[in-house]
Each structure stands twice: as structure tokens, then as C-alpha cells.
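A.B. asks: let's see this in three dimensions:
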Amino acid sequence: MDFTKPARTWQEQLELLQARGLIIPDADRAGHYLAHINYYRLTGYWLPFEEDHASHRFRSGASFDDVLNLYIFDREFRLLLLDAIERVEVSLRAQWAYHMAHKHGPHSYLDASLATDQKLHARHLGKLQDEISRSDEIFIQHYCRTYSNPVSPPVRSVSEIMSLGMLSRWITHMVPSDRALLARVYGLDQNVLKGFVRHLAYVRNLCAHHCRVWNRGLTVTMSLPRTKPAALVSSFNPGQQRRIYNTLVMLAALMDVVCPDSQWKKRLGDLLVQHHIDAHAMGFPEGWRNLPVWR
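C.D. replies: Got it, this is the predicted structure:
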């Protein structure tokens, strides 16, 4: 089937929404947001207000302001996620570099025998060395000007120029005994940490590219802890593996380790209240505020 739909002006888009039953209290204001957000970006936020998706008819009383409130919540929610992800990422870099350097030496990341897959190690090392050659960080340039053997800087330096995606690949291919030392810092099983770091890189990319996160079905999931720590295990919602709630539980637990004085959990709760969000669409269970990790 060929696509034959004509492009609509902002005004025509507003008229279409009104014809489908969406209340638009201020047409100029709504037109401004359509012009600067995009009709199709907003579609994901007005789906919950549709009475019938096939005809795109809205429920009685549904308003453009309701849609906009949900959009603004999701934007602020992504920023809150990025705040926690940044802190956890920086901690993981520091801990990975520290444990590798102190157990295996400052250039241990060059040693393929310390990886579970030597071919993948060569590929990851090649990409890391590309990053080193492009880096304009002072500490990288200083090393390269000052030392010639080994040519590559020590692990404590290269960890600082890794993306979270790159770091997740290095952690994923650590031998389990080394990853267990890293996981112990956060009270996690090493396999749980491996899956979570990969999942976290995926969620971080969603946030960084301004994708809808609020009720998204997540593609890259993670294994939930089964036995430890007990307070963390009982706070998950196993029936909602593809919603963001379980990610939030892990972030909350790691924030307690990385930044115990943070008000991050309170800010999350306040954000949900401020925007009158039904958290079930995000995978939150009934009575979630009483679960150990949130207390």
C-alpha cells in the first residue's frame, strides 16, 4: 500500500484533534506546542486518552492539557533518570578501574586472558584505542606525550573516556571472579550486575535521545536478583519485566550505595504526585511506597 496522506498544517492538525473529540482550551498555545514538539511525538502521550484507537476517538473530557502534562512529566522523568544514571555510571567506572588496577596491574585491560572472549576483547580494545587516539582530555594527552611503554594509558585514565555502552561491554566480558569483586561493592550477584549494566546503557540511550520512557515496553531487560539483598528482592515487580519500575528499584538501591544522602527517591515520588501520574503504566505495584527500597 502506498502512503498518500498529505502533510497537514499546524492549524489542520488542531482541527483534526478537535474533530476526534480532544478538548483544546487554548488553540494558540496548543498550536505553539505542536509546532515545537511535533504531532507524532505527542501521539504516544494521547494514546491513554483515546476511547477507540482504530478511529482515534478521544474519551469524553480528554484535554490537550492532559496530554501536555504527561509529556512534560516524561521529560522531567528522563532528566531524573539521567541524574541517577550519571552517578551510577561514574561509580562503576571508578570501581572497575580500581579493581582491575589493584588486582591485575595498571594496564590490565590490555590483557586478553582477563576477558571471557578473546576475539571480543580484541574488538573492544580496538574501539577503546580509537577513543584514546581521538581524546582531547588533558590526562590522556599528557600520558601519550610522556610515556611510550605501554603506549596506552593506564586503566584509571581510559575508564574516564568510555561511554556507558563501552563500559558495559568491558564489564560484561570480565571473568566472573573479577566481576564478583565489582558486584560486591553494590551488594549484587555478578550476573545481576552484568545484566543491569547492559540494561542501564539501553535506558540511558533512550533518555539521551529524548524517547518516551514513561510507559514504554523496554526491549533490553535485566535479570532480577533472586536472593540478595533481601530488601531489594522484595521490592521488585517480577510481572513487569518490560516496564521502567524495576529499573528504578535498581537505581534507587545503587543510589543508596553511591550517594546515600541523595534526595533522588523523594524527587521521584514528588514528580509522580505533582503530575498526577498513574504509576501502574510504569509497572509500579500496589503499595509500592511501603516496599523496603522506597522506605
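
A.B. asks: surely residue 218 is in contact with residue 243?
C.D. replies: Yes. Under the criterion of C-beta atoms under 8 Å, residue 218 makes contact with residue 243 at 6.9 Å. C-beta: built from backbone N, CA, C; applies to glycine.

A.B. asks: and these two? Which one has more around it.
C.D. replies: Neighbours per residue (other C-beta atoms under 10 Å) separate residue 218 from residue 243, with residue 243 holding more: 23 against 19.

A.B. asks: need the contact list for the nearest residue to the more buried one once chain neighbours are set aside.
C.D. replies: The shortest distance from residue 243 to any non-neighbouring residue, by C-beta to C-beta, 6 or more residues apart in numbering, is to residue 283 (2.7 Å). Residues counted as contacts of residue 283 (C-beta atoms under 8 Å, 6 or more residues apart in numbering) are 237, 240, 242, 243, 244, 245, 246.

A.B. asks: now swap in residue 214 and tell me
C.D. replies: 70, 73, 74, 77, 244, 277, 281, 282.

A.B. asks: what's the pLDDT at the residue nearest to residue 243?
C.D. replies: pLDDT recorded at residue 283 is 96.

A.B. asks: how about residue 51, nearest residue that isn't a chain neighbour?
C.D. replies: residue 59 (4.5 Å).

A.B. asks: coming back round to it: buried subset of the contacts of residue 283 as a ChimeraX selection?
C.D. replies: The following ChimeraX line selects those of the contacts of residue 283 that are buried, judged by 16 or more other C-beta atoms under 10 Å:
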select :237,240,243,244,245,246
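
A.B. asks: what about the contacts of residue 283, which are in helices?
C.D. replies: 245, 246 (DSSP state H).

A.B. asks: kindly list the main-chain dihedrals of the closest residue to residue 150 other than its chain neighbours?
C.D. replies: Using C-beta to C-beta, 6+ apart and skipping residues adjacent in sequence, the residue nearest residue 150 is residue 107, 5.1 Å away. Main-chain torsions, residue 107, degrees, to the nearest 10: phi -110, psi 30.

A.B. asks: doesn't residue 154 make contact with residue 107?
C.D. replies: Yes. Under the criterion of C-beta under 8 Å, residue 107 makes contact with residue 154 at 6.0 Å.

A.B. asks: hmm, residue 207 is touching residue 85, no?
C.D. replies: Yes. If you go by C-beta under 8 Å, residue 207 and residue 85 touch, sitting 7.2 Å apart.

A.B. asks: count of neighbours near the residue nearest to residue 150?
C.D. replies: Residue 107 sits with 17 neighbouring residues when counted by other C-beta under 10 Å.

A.B. asks: so who does it touch?
C.D. replies: 150, 152, 154, 155.

A.B. asks: possible to save those residues as JSON lines with neighbour count?
C.D. replies: Formatted as JSON lines, these follow (neighbours: other C-beta atoms under 10 Å):
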{"residue": "150", "neighbour count": "11"}
{"residue": "152", "neighbour count": "19"}
{"residue": "154", "neighbour count": "20"}
{"residue": "155", "neighbour count": "22"}
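
A.B. asks: for residue 63, state which of the residues you listed is nearest.
C.D. replies: residue 155 (54.3 Å; C-beta to C-beta).

A.B. asks: so what sits opposite the nearest residue to residue 21 once chain neighbours are set aside in the bridge?
C.D. replies: Here the nearest residue to residue 21 in space, its sequence neighbours aside, is residue 58; by C-beta to C-beta, 6+ apart that works out to 4.0 Å. For residue 58, the beta-bridge partners are residue 50 (DSSP bridges).
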